[in-house]
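**Q** okay, sequence plus prediction incoming.
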Amino acid sequence: MVRIKERYLLVKILYPNEIGTRPDLPDLVLVNQPTTDQLTPALLLRTIRAEVASLFGDYGAGAIEAGSLTVKYHSPATSTFIVRTTRSTYRLVWAALSFMNSVPVKNGKPCIFRVVHVSGTMRKAEEEAIRRARNLIFAAENGRGGQTDDPLGNLFGQPTRSDDATATDLLGIEDDDSDAEMGEVSDG
């Protein structure tokens with residue numbers, strides 16, 4: 001019996017055009033605002049299929065049309081959703097999501113669909129969604145979402161909690177551009 005391998009893409013909808021529009025709210029909150037309730041899983045599927053068809057033509061449309069593309073989770077409150085697709089077509093879906101530039105509803109806001117995690121199981125994708133939501137709440141509560149020079153810095157690469165620090169941060173190891181950084185191991 002052949003097992004069909006699948007991939008789960010955790011997608012975050014970001015609103016970078018909202019930065020600085022409301023001085024009473026931190027930029028981190030504006031970028032991660034809730035999505036409209038008019039956005040449904042069925043509408044997301046139709047939009048993703050249309051974008052794949054426009055980018056990859058009949059090949060792309062046929063590749064994802066075999067019932068393999070579904071929205072397994074959608075949360076307008078956190079602006080996240082999880083898409084399930086086959087392992088052979090997840091790159092097509094990822095590319096289509098990257099090219100989408102507005103919420104697919106009438107008079108939809110400009111936004112960015114960012115694939116933040118790819119997983120082989122639904123459980124790992126859900127755990128990552130929970131971890132990201134928790135980190136976002138901690139960042140907003142600790143004032144890290146305030147007006148800064150780089151409002152997207154908290155989202156892209158900087159740890160938001162001390163337990164997310166890398167091993168080199170925890171051990172106090174300094175980066176000295178040694179051979180170990182390049183993956184080479186010396187015998188001594």
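**A** All right, it came through fine.

**Q** residues in contact with the helix ranked longest in the chain?
**A** Ranked by residue count, the top helix of the chain under DSSP state H comes out as helix 41-64. With contact meaning CB atoms under 8 Å, 6 or more residues apart in numbering, helix 41-64 is reached by 65, 69-71, 74, 81, 83, 85, 88-89, 92-93, 95-97, 99-100, 104-105. For every residue, glycine as well, the C-beta is placed using N, CA and C.

**Q** what segments of the chain are helices?
**A** Assignment of helices within the chain using DSSP H yields the ranges 27-31, 41-64, 90-99, 122-141, 167-171.

**Q** in stretch 112-121, what's buried?
**A** Ile112, Phe113, Val115, Val116, His117, Ser119 (16 or more other CB atoms under 10 Å).

**Q** quick revisit: please type out the PyMOL selection for whichever of the contacts of helix 41-64 turn out to be buried.
**A** Remark: buried members of the contacts of helix 41-64, expressed as a PyMOL selection using 16+ other CB under 10 Å:
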select buried, resi 69+71+74+81+83+85+89+92+93+96+97+100+104
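
**Q** next one: the longest helix of the chain to chain centre, how far?
**A** Relative to the chain's own centre, helix 41-64 is displaced by 19 Å; criterion: CA atoms, centre = their mean, to the nearest Å.

**Q** next one, pLDDT for the residue most central in space within the chain please.
**A** Closest residue to the average C-alpha location of the chain: Val116 at 2.7 Å, with CA atoms, centre = their mean. The per-residue pLDDT reported for Val116 equals 94.

**Q** that one and Asn107: what is the separation?
**A** From Val116 across to Asn107, the span is 26 Å (CB to CB, to the nearest Å).

**Q** JSON lines for the helices of the chain, including mean pLDDT and distance to Gly20?
**A** Formatted as JSON lines, the helices of the chain follow (pLDDT from 0 to 100; distance: least, CB to CB, whole Å):
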{"stretch": "helix 27-31", "mean pLDDT": "83", "distance to Gly20": "7"}
{"stretch": "helix 41-64", "mean pLDDT": "93", "distance to Gly20": "28"}
{"stretch": "helix 90-99", "mean pLDDT": "94", "distance to Gly20": "25"}
{"stretch": "helix 122-141", "mean pLDDT": "90", "distance to Gly20": "17"}
{"stretch": "helix 167-171", "mean pLDDT": "39", "distance to Gly20": "31"}
